Structures are given as C-alpha cells and as structure tokens.
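S.K.: okay, predicted coordinates and the sequence, questions at the end:
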Amino acid sequence: MTPRAADRARYDRATAHLDAPLAIVDLDAFDANADDLVRRAAGKPIRVASKSVRSRALLERVLARPGFAGIMSFTLAESLWLARSGFDDVLLAYPSADRSGFAELAHDPKLAAAVTVMVDDPAQLRLIDGARDGGREEIRVCVELDTSWRTLGGRVRVGALRSPLRTPAQLADLARVVTRRPGFRLAGIMAYEGHVAGVGDSLAGRPVRSRAIRLMQAAARKELAVRRAEVVRAVRSVAPDLEFVNGGGTGSVQHTAAEAAVTEIAAGSGLYVPRLFDNYTSFTGRPAALFAQPVVRRPGVGVVTVLGGGYPASGAPGADRLPVPYLPEGLRYDAQEGPGEVQTPLLGSAADDLLIGDKVWFRHAKAGELCERFETLHLVSGDRIVETVPTYRGEGYAFL
C-alpha cells in the first residue's frame, strides 16, 4: 500500500460515520509541518498568518508550540475579534479603511495594546485620526516596505503591488510622520517577499520556467537582503525602540531567517500545505487539510460524479487555482467540465473501484480559503477524529 493509499484508508475509517461533504485537518501532518517551519526558522519566532488557518482552535494549537509567537491577521474586524478572544499580539498585515473598527480600537486599552495596524501612507494616519470618535488610546503602527524585485533599469518588476515605499529614505520619512503624530506608536516594519515565498520554483513538466524562477528568486533575495537591512537601519535611526521586523512566508522561511535585520518570520500556508506548495525545492510539507465529496453517480466505465467541488482559489485565474482530486490516486477532471458548482465528473481507472456514497478526497489550491466553504474541521489523528472545531465561518464570521 502506498503512503497516499494508507492515508486514504485512515481518513475513510475516521470519517466512516460522517456524510460528505466535509473537511478534515490531519493533526499528525499539521504538527509535522509546524515542526518543519520552526526548524527552517532557525530560532526566530514565527508569526502565524491567520488567513491561511481561519480557525481559532488551530491558531491556539500552533501558538502553544515552541517557536511560534503572534498572529498576522487580514482585516481590522478580524484583528479586534481575535484580540477580544484573548490573542494578545495581532499584526494586521493590510491597511484598513474600517472607521468603526478604528473607533473601537481607539476606545479600548486592551485592544489597542494587542493590535498593530499597517500603514504605508500618511493619509491612512489621517483616516484613523478622523475615525477615533473621541478615543484617545495610542494606536500601534507598522510600516510596510515594497519588496518587489526590479531589473533592466526598473523596466521589469516582479512582486506584488503592495506598499509604495521602497527606499530607506521613504520608510524613514514615514517613520518620522508616525513618531511625530500624537496618538501613534511605531512598533514595526513588515516586508513580505511574495515573489519568493509564494511562487513555486519546481513546476512539473516546465524545467526552463522553473530554472528562470530560481534565478529570479536568487537575485531578488540578494537585492532584498541588502535593501531590507538598509531600511531597518534608517527606520531605527528615527525609532530606536522598534519592536519587530517581519519578513518571509512559507516558501522563504530559511532564507529570510538568515537575515540579521529580520526579527520574526511570517508563515501560515505551510501548516496546511495546499497544492500550490507542492512546487518548491526548498522544503517538502505534508498535506494536512483536505475536503471530501461523495460519489453520487457512475455515468459509465472510468467515470464517477461527485457532489459539488468547484472551490476555486483567489489569484489570477488558471488551472493552478483549482482544487485537485487527491485520493484515491489517479482521478482527473473532465476537460470539458472541470470542477462544478453542483456536480463534478471525475475520470480515471480509479473511478471503477468507487461506489455510490464513497468519498473522494480533494486538496484546495490555497490554504485558509477552504475554511470559507465549511463550518467545521474534523481533526484526525491516526485513524480517528479526536475533535471537531469551528472555522471562522462556523463561528458566524466572514471577514472578507
């Protein structure tokens, strides 16, 4: 029996009493992935990206492990909810225009002490001040660096369109604005290199493109390490008591951790290891989050149909944004239909061994987005469910 076949047998035994659709997290794989992230971080704390987990119970589980500290959140409403729930170190990774949220933050000392918000423009500070509604709590602020790699005299740009702040001088100027503005405290710098951390460098059947990505990433890491260190020096000259410098992502943990200027690493997807993280030479994780759909039809030889399954991930549309049939091995989509809103035909010889009511196990393309489809996650250890926990959706929240 192959390892994947053994996993399928475990998952089927653990969920035999449950009807699909359902979602699981394999705790043995989840914990092994957490250990691997800590190993790669080489002593620097890992801040957990909540958007990649989207379950309070699993955030609590990973933060209880040595090597993890703090949460990186994705909306202000989520940040406040997490802080009210007892998480005391929440970095909001994206700027917000949530005026009611800022008013709540400015009125509550507990929330103000726990949550750090992101800015890359003085206009965002003015928006926060305009939203205070009389609240006088000091707002903790993090400034963000544009990490994109530019070559050919700037004519070629690789990286996410995030912060407009690129140079040490630009970051230092904003740091001065923050430190001189009453009611704000500059707490940190964030620099997320998505073009390194979030882009696989070993694409199946595409050796030339894979090599080009590796060359780009090597050049980008070298350039960013120098520039990030210069930015940190420039900002610390303005704010010597800067608390943290955040960088990285699942795909670049060990590289970012090697930079002396970085004090903590961000990661989250590496806990679940969705399909987009199969294409890396720097690490190999274990798929931990899966969902099952039931076989409801057998249209013919080599074909079964499962209920639903059309759960595309965010990003530029393409085949890599689709979930993949994972267990049993050897199933594929019908090219004319793909994964469907209500039904999904699956082709392959493995289909002939499936009966009505059997489960087909899928992996989502991205990590936490799977949780927007399910209210609960069944936590599997070995061949049994040890706990069932709610997702954000199961607790009644959809923050985006």
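M.R.: All right, it came through fine. Numbering: from 1, shown residues only.
S.K.: hey, let's count contacts and neighbours off CA atoms from now on
M.R.: OK.
S.K.: low-scoring pLDDT stretches of the stretch 251-400 of the chain, where are they?
M.R.: Within the stretch 251-400 of the chain, no stretch has pLDDT under 70.
S.K.: what about the strands in it?
M.R.: Taking DSSP state E, counting those that start in this stretch to define them, one finds strands in the stretch 251-400 of the chain at 264-267, 289-300, 303-307, 324-327, 332-333, 343-347, 359-363, 376-381, 384-390.
S.K.: and these, which is most packed in?
M.R.: strand 264-267 (a mean of 27; mean count of other C-alpha atoms under 10 Å).
S.K.: pull the residues that contact that strand.
M.R.: 37, 41, 44-49, 72, 244-250, 253, 256-257 (C-alpha atoms under 8 Å, 6 or more residues apart in numbering).
S.K.: how close does the residue nearest to the spatial centre of the chain get to R332?
M.R.: Residue closest to the mean C-alpha point of the chain, counted by C-alpha atoms, centre = their mean, is S52 at 3.3 Å. Look at S52 and R332: by C-alpha to C-alpha, to the nearest Å, they are 26 Å apart.
S.K.: cool, and P299?
M.R.: Taking C-alpha to C-alpha, one finds P299 at 15 Å from R332.
S.K.: list the contacts of L165.
M.R.: L165 sits in contact with 120, 144-146, 171, where contact means C-alpha under 8 Å, 6+ apart.
S.K.: A9: which of the strands of the stretch 251-400 of the chain is closest?
M.R.: Of all the strands of the stretch 251-400 of the chain, strand 324-327 sits nearest to A9, with 9.5 Å by C-alpha to C-alpha.
S.K.: what lies in contact with that closest one?
M.R.: 4-5, 8, 275, 331-332, 360-365.
S.K.: same check, this time on stretch 340-347
M.R.: Contacts of stretch 340-347 (C-alpha under 8 Å, 6+ apart): 302-311, 331-334, 337-339.
S.K.: and if we set it to 7 Å?
M.R.: Contacts to stretch 340-347, defined as C-alpha atoms under 7 Å, 6 or more residues apart in numbering, come from residues 302-310, 331-334, 338.
S.K.: one step back: hang on, the residue nearest to the centre of the chain packs against A365?
M.R.: No. With contacts counted by C-alpha atoms under 7 Å, S52 stays clear of A365, the gap being 11.5 Å.
S.K.: what's the neighbour count on the nearest residue to L370 once chain neighbours are set aside?
M.R.: Nearest non-adjacent residue to L370, counting by C-alpha to C-alpha, 6 or more residues apart in numbering: H364, 6.3 Å away. For H364, the count of nearby residues is 29 (other C-alpha atoms under 10 Å).
S.K.: what's the spacing between H364 and N33?
M.R.: 17 Å.
S.K.: now Y397
M.R.: With C-alpha to C-alpha as the criterion, Y397 and N33 are 27 Å apart.
S.K.: of the two, who's got more company?
M.R.: N33 (22 against 14).
S.K.: G43: helix or strand, and which one exactly?
M.R.: G43 belongs to no helix or strand when assigned by DSSP states H and E.
S.K.: what count of nearby residues applies to it?
M.R.: Neighbours around G43, by other C-alpha under 10 Å: 14.
S.K.: next: P317.
M.R.: Quick note: P317 (other C-alpha under 10 Å) scores 10 neighbours.
S.K.: over to the one 3 residues further on?
M.R.: The burial count assigned to D320 is 16, neighbours taken as other C-alpha under 10 Å.
S.K.: now the helix or strand harbouring R227: buried residues?
M.R.: For R227, the host element (DSSP H and E) is helix 207-238. By neighbour count on 16 or more other C-alpha atoms under 10 Å, the buried set for helix 207-238 is 210, 213-214, 216-217, 220-221, 224-225, 227-228, 230-236, 238.
S.K.: secondary structure element for T116?
M.R.: With DSSP H and E as criterion, T116 is part of strand 115-119.
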